[in-house]
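Visitor: Please find the sequence and the predicted model below.
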Amino acid sequence: MKIALIGYGKMGREIEKIALERGHEIACIIDVNNPEKFDSPEFRSADVAIEFTSPESALHNYRKAFAANIPVVSGTTGWLERLDEVKAACENGGQTFFYASNFSLGVNIFFALSNYLARIMNRFSDYDVKMEETHHIHKLDAPSGTAITLAEGILENLERKDRWVLDKANGNDELQIKAFREGEVPGIHTVVYESDADIIRITHDAKSRKGFALGAVLAAEFTKGKKGFLGMNDMLDLQS
Ligand SMILES: NC(=O)C1=CN([C@@H]2O[C@H](COP(=O)(O)OP(=O)(O)OC[C@H]3O[C@@H](n4cnc5c(N)ncnc54)[C@H](O)[C@@H]3O)[C@@H](O)[C@H]2O)C=CC1
Ligand SMILES: O=C(O)C1=N[C@H](C(=O)O)C[C@H](O)C1
């Protein structure tokens, strides 16, 4: 398969390695210094574009890919307030877009586990819940996209919480998320349930970016030849 990389930073480089190991061809690499490549024959020859850039540039990159009718797999976080526009491009404009706040298999298993635990906790009101995420100091957004997906799952499944808040919860109906930035940490997410008697913690701790990159390449393979708006539940069938 021919893959175009949009964004050649930490994730773009890791994805390149895994794509080559899996026998794919990197047709084109676009970063801030060469946006003219969007109009090149190499970009137009790609089966799929994989986009990992920044919250500010993601939507512009999707529009450029859609203008060339190239399906997009993206993991960029921090832009989801514009999600409706991308869904409309898929539903009304015939485009293809695969999005995941976290492409690692382990995190998606962790999402399913957290949703299940939240449903159990409806019967155990002595426990309050909060979340923590820790990432490297270069990260631009907080809370992480993964933490937001995790929180949305808890809100859907645990009746006593209505919304998530960054830093400090003001009432019992708020789910607190604390975000820490330390060194070069690839990504740690923890959900904590605490009562007077004990604490239950579930944690996903990424050892490197390899799991994210492999998931993105698997998503590109899954996306080829499909239409519409796709996500990890379509690929992994981990309904929770
Ligand atoms: N969904 C997932 O599994 C994961 C998502 N991420 C997210 O992916 C994004 C990128 O992460 P990293 O690669 O670690 O960041 P990074 O900062 O190492 O790389 C981003 C790259 O995008 C480039 N870029 C910025 N604006 C651009 C534009 N207009 N056109 C083309 N290239 C542009 C930068 O020059 C840089 O090379 C972040 O939003 C991060 O949160 C990161 C890891 C996993
Ligand atoms: O910026 C990162 O590094 C990561 N971003 C994603 C997020 O915001 O959840 C996924 C992963 O945690 C690494």
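Guide: Nice, thanks for sending it over. Numbering: from 1, shown residues only. Ligands and ions are numbered 1, 2, ... in the order given.
Visitor: going forward, measure contacts between C-alpha atoms and count neighbours the same way
Guide: Fine.
Visitor: pLDDT on the lengthiest helix in the chain, on average?
Guide: With secondary structure taken from DSSP state H, the chain has its longest helix at helix 105-121. Over the span of helix 105-121, the pLDDT mean works out to 97.
Visitor: Could you list the domains of the chain?
Guide: Recorded structural domains for the chain (assignment: the TED database) are 2-103+210-236, 105-205.
Visitor: where exactly do the helices run in the protein?
Guide: Taking DSSP H as the criterion, the chain carries its helices at 10-21, 41-44, 58-67, 83-91, 105-121, 145-157, 210-223, 232-236.
Visitor: tell me the most buried of the domains of the chain?
Guide: Ranked by average neighbour count under the criterion mean count of other Cα atoms under 10 Å, the domains of the chain are headed by domain 2-103+210-236 at a mean of 18.
Visitor: That one and ligand 1 in contact?
Guide: Yes: among the residues of domain 2-103+210-236, 6-12, 30-32, 52-55, 57, 75-77, 100-103, 212 lie within reach of ligand 1 under Cα under 6 Å from any ligand atom.
Visitor: Would you mind measuring from F229 to H204?
Guide: The spacing between F229 and H204, counted by Cα to Cα, to the nearest Å, is 26 Å.
Visitor: Keep only those of the residues of domain 2-103+210-236 next to ligand 1 that are in strands.
Guide: I6, I30 (DSSP state E).
Visitor: Out of the residues of domain 2-103+210-236 next to ligand 1, which are close to ligand 2?
Guide: Subset of the residues of domain 2-103+210-236 next to ligand 1 in contact with ligand 2: T77, S101, N102, counting by Cα under 6 Å from any ligand atom.
Visitor: What residues does this protein have near ligand 2?
Guide: T77, S101, N102, K139, S144, G145, T146, P186, G187.
Visitor: just to revisit the earlier point, and the longest helix of the chain, what does it pack against?
Guide: Contact here means 3 or more Cα pairs under 8 Å, 6 or more residues apart in numbering; DSSP states H and E; on that basis helix 105-121 packs against helix 145-157, strand 199-205, helix 210-223.
Visitor: Export these as a markdown table, with columns for mean pLDDT.
Guide: Rendered in a markdown table, the data for the helices and strands packed on helix 105-121 read as follows (pLDDT from 0 to 100):
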| stretch | mean pLDDT |
| --- | --- |
| helix 145-157 | 98 |
| strand 199-205 | 98 |
| helix 210-223 | 98 |
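Visitor: No further questions, thank you.
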